[in-house]
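K.L.:
A structural model of the following input is requested.
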Amino acid sequence: KTGQNLWKTQDDGIYHASPIIATIHDVRQVIFFTRPGLVAVEPKTGNVLWRHPFQGRNVAASPVVSGDMVYCSGGYNAGAMVIRVKKEGDKFSTEQLWKKPNDLMNQWSTPVAKDGYIYGMYGHAAYGTAPLKCIDMATGAEKWSKPNFGMGGVILVGDHLLALADNGQLAIIKATPESYQQEAMFQAIGGKCWSTPAFSNGKIYLRSTTQGVCYVAGK
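P.N.:
Now for the predicted structure:
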């Protein structure tokens, strides 16, 4: 049988970025990164809760939420932005905390957030050279930067980052704004890695243009 829409709401031009689900001010919402900017809707009804404009181009990195802050970024000179989502009664509003055009660009690798800090790989077409950075989400200030990860991907597992460089090297790094603290790094997979690691049940899954591998995480 043909599937039936539960709802259909306003029609925004789409990007490549996947929507995310978050709870802000105790309200569950789905946040989309569309051509006009960020838009949050109620999952059950599709009713729009809030909007905030941001002009990107072929955006692929998804928004990132920490508390009441929402981060978005794109390549092609789009740069990055953080907004604060506010709620008074049943009404939502947004406030821009900072915006950096042509800076802090996540071309397609979605960063991660922990304790008010963003960790991600930054650059546009910076193959083999893009740095992994820690950014203060509230201010946009850079806390540290480590070069030569390229256009790979990073995830958060507990208090650690799993950062896959585009040459197949996997680094395990403490998720702290104090400094870059690498605990391990090894050649984990061959081929080109424009992909994000996955972690499930104590296992690390990686893929490249030529291989797929699984590692058992150890202490």
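K.L.:
if I look at the residue nearest to residue 116 when sequence neighbours are not counted, how far off is residue 34?
P.N.:
Of all residues not flanking residue 116 in the chain, residue 137 sits nearest, at 5.2 Å (CB to CB, 6 or more residues apart in numbering). All C-beta atoms are positioned from the backbone trio N, CA, C, and that covers glycine. According to CB to CB, to the nearest Å, residue 137 stands 22 Å off from residue 34.
K.L.:
before we move on, what about residue 165?
P.N.:
Taking CB to CB, one finds residue 165 at 30 Å from residue 34.
K.L.:
Give the residue from the two that has the larger number of neighbours.
P.N.:
residue 165 (23 against 19; other CB atoms under 10 Å).
K.L.:
re earlier: just checking, the residue nearest to residue 116 touches residue 81?
P.N.:
No - taking CB atoms under 8 Å as the definition, residue 137 is not a contact partner of residue 81, at 11.0 Å.
K.L.:
residues shared between the contacts of the two?
P.N.:
residue 71 (CB atoms under 8 Å, 6 or more residues apart in numbering).
K.L.:
Between the two, which is the more surrounded one?
P.N.:
residue 81 (26 against 23).
K.L.:
Just give the nearest non-adjacent residue to the more buried one, would you?
P.N.:
Leaving out its chain neighbours, the residue that sits closest to residue 81 by CB to CB, 6+ apart is residue 99, at 4.2 Å.
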